[in-house]
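Q: Sequence first, predicted coordinates after that:
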Amino acid sequence: MRLEAEKISFRYGREPWILGDVSFSISSGEIVGLSGASGGGKTTLARILAGYEQPAQGSVRLDGRPLQESGDGAHPVQLVFQHPEQAVNPLWKSGDTLREGGDPDSELLRQLGIEPDWLTRWPSELSGGELQRICVARALLPSTQFLIADEMTTMLDAITQAQIWQAVLHIAEQRQMGVLVISHDPHLLKRLCSRIVRLDELQPCP
Ligand SMILES: Nc1ncnc2c1ncn2[C@@H]1O[C@H](COP(=O)(O)OP(=O)(O)OP(=O)(O)O)[C@@H](O)[C@H]1O
């Protein structure tokens, strides 16, 4: 399976263009790094690849077919952001957030170090690392074909960061899931990815 962006251009409203003719693809089982200048449009590209934004020009295709808009929990491209507290409903207990897309796999929860007790708590009663593990587990549904990790572990301590990545890489290998790792940390990208691209290399007219 292949997730492909072809000549994507995008701008917010009447603001200046952020992405110009960006072409990029990632295949099942690949771990690809994406780096680039701050404000260059990496998160915007991630949102387009996951179906949250529609490009003004160009297309996103999954195995040659247009990608549907995001909205249901079972979208084949899942996105995890840097700040988990902004990605969950504060009025839902963590267990309800986790079950948003279906019943979580207990083995997955174990691999991510999620304690059963956390599921009965409100998001405000969990640490950033605990809540991010919940968000990662929520994104790893059986239907997920590609995971986009946008600075997913940037705010976390080294041990939590290592544990989350170990679990994600294990699952990616098991399921032949593709992972796009967006980060400003060259060491992290080098450690995780078989290929690293810079956003400005992907567009002829940045
Ligand atoms: N909703 C929005 N409305 C208007 N402009 C936006 C919006 N979201 C982002 N931008 C602008 O789009 C540009 C690209 O932002 P984006 O977050 O995609 O970049 P980035 O490469 O991920 O940056 P960083 O590395 O700092 O996270 C920035 O100039 C930002 O201010």
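A: Nice, I can see it.

Q: buried residues in the lengthiest helix in the chain?
A: Criterion DSSP state H: the longest helix present in the chain is helix 158-175. Judged by neighbour count (16 or more other Cβ atoms under 10 Å), helix 158-175 contains these buried residues: 160-161, 163-165, 167-168, 171-172. Quick note: C-beta positions are derived from backbone N, CA and C, even for glycine.

Q: do the same with stretch 13-32
A: In stretch 13-32, counting by 16+ other Cβ under 10 Å, buried: 18-22, 24, 26, 30-32.

Q: farthest pair in those?
A: Spanning the widest gap among these are Gly20 and Ile31, at 26.5 Å by Cβ to Cβ.

Q: Following the longest helix of the chain in sequence, what is the next regular element?
A: Using DSSP states H and E, the next helix or strand after helix 158-175 towards the C-terminus is strand 178-182.

Q: helices and strands around that next one, which ones?
A: Applying 3 or more Cβ pairs under 8 Å, 6 or more residues apart in numbering; DSSP states H and E, one finds that strand 178-182 contacts strand 19-27, strand 31-35, helix 42-49, strand 146-150, helix 158-175, helix 186-192.

Q: would you list these in JSON lines and tack on mean pLDDT and distance to the ligand?
A: Converted to JSON lines, the helices and strands packed on strand 178-182 look like this (pLDDT from 0 to 100; distance: least, Cβ to the nearest ligand atom, whole Å):
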{"stretch": "strand 19-27", "mean pLDDT": "96", "distance to the ligand": "8"}
{"stretch": "strand 31-35", "mean pLDDT": "98", "distance to the ligand": "9"}
{"stretch": "helix 42-49", "mean pLDDT": "96", "distance to the ligand": "3"}
{"stretch": "strand 146-150", "mean pLDDT": "97", "distance to the ligand": "7"}
{"stretch": "helix 158-175", "mean pLDDT": "95", "distance to the ligand": "18"}
{"stretch": "helix 186-192", "mean pLDDT": "96", "distance to the ligand": "13"}
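
Q: Can I get those in CSV including distance to Trp122?
A: Below are these laid out as CSV (distance: least, Cβ to Cβ, whole Å):
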stretch, distance to Trp122
strand 19-27, 35
strand 31-35, 33
helix 42-49, 27
strand 146-150, 24
helix 158-175, 20
helix 186-192, 30
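
Q: circling back to that earlier point, now the longest helix of the chain against strand 146-150, angle please.
A: Put simply, helix 158-175 runs at 160 degrees to strand 146-150, going by axes from the mean of the first three to the mean of the last three Cα atoms, to 10 degrees.

Q: Just the CA atoms of helix 158-175, as PDB, please.
A: Presented in PDB, the C-alpha positions along helix 158-175 are these (Å, rounded to 0.1, in the frame of the first residue of the first chain):
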ATOM      1  CA  ALA A 158      13.900  10.200  27.300                       C
ATOM      2  CA  ILE A 159      12.600   7.000  28.900                       C
ATOM      3  CA  THR A 160       8.900   7.600  27.900                       C
ATOM      4  CA  GLN A 161      10.100   8.700  24.500                       C
ATOM      5  CA  ALA A 162      12.000   5.400  24.000                       C
ATOM      6  CA  GLN A 163       9.200   3.200  25.400                       C
ATOM      7  CA  ILE A 164       6.600   4.800  23.100                       C
ATOM      8  CA  TRP A 165       8.800   4.500  20.000                       C
ATOM      9  CA  GLN A 166       9.800   0.900  20.800                       C
ATOM     10  CA  ALA A 167       6.100   0.000  20.900                       C
ATOM     11  CA  VAL A 168       5.200   1.900  17.800                       C
ATOM     12  CA  LEU A 169       8.100   0.400  15.700                       C
ATOM     13  CA  HIS A 170       7.200  -3.100  16.900                       C
ATOM     14  CA  ILE A 171       3.600  -2.600  15.900                       C
ATOM     15  CA  ALA A 172       4.600  -1.000  12.600                       C
ATOM     16  CA  GLU A 173       6.700  -4.000  11.800                       C
ATOM     17  CA  GLN A 174       4.100  -6.500  12.900                       C
ATOM     18  CA  ARG A 175       1.300  -4.900  10.800                       C
END
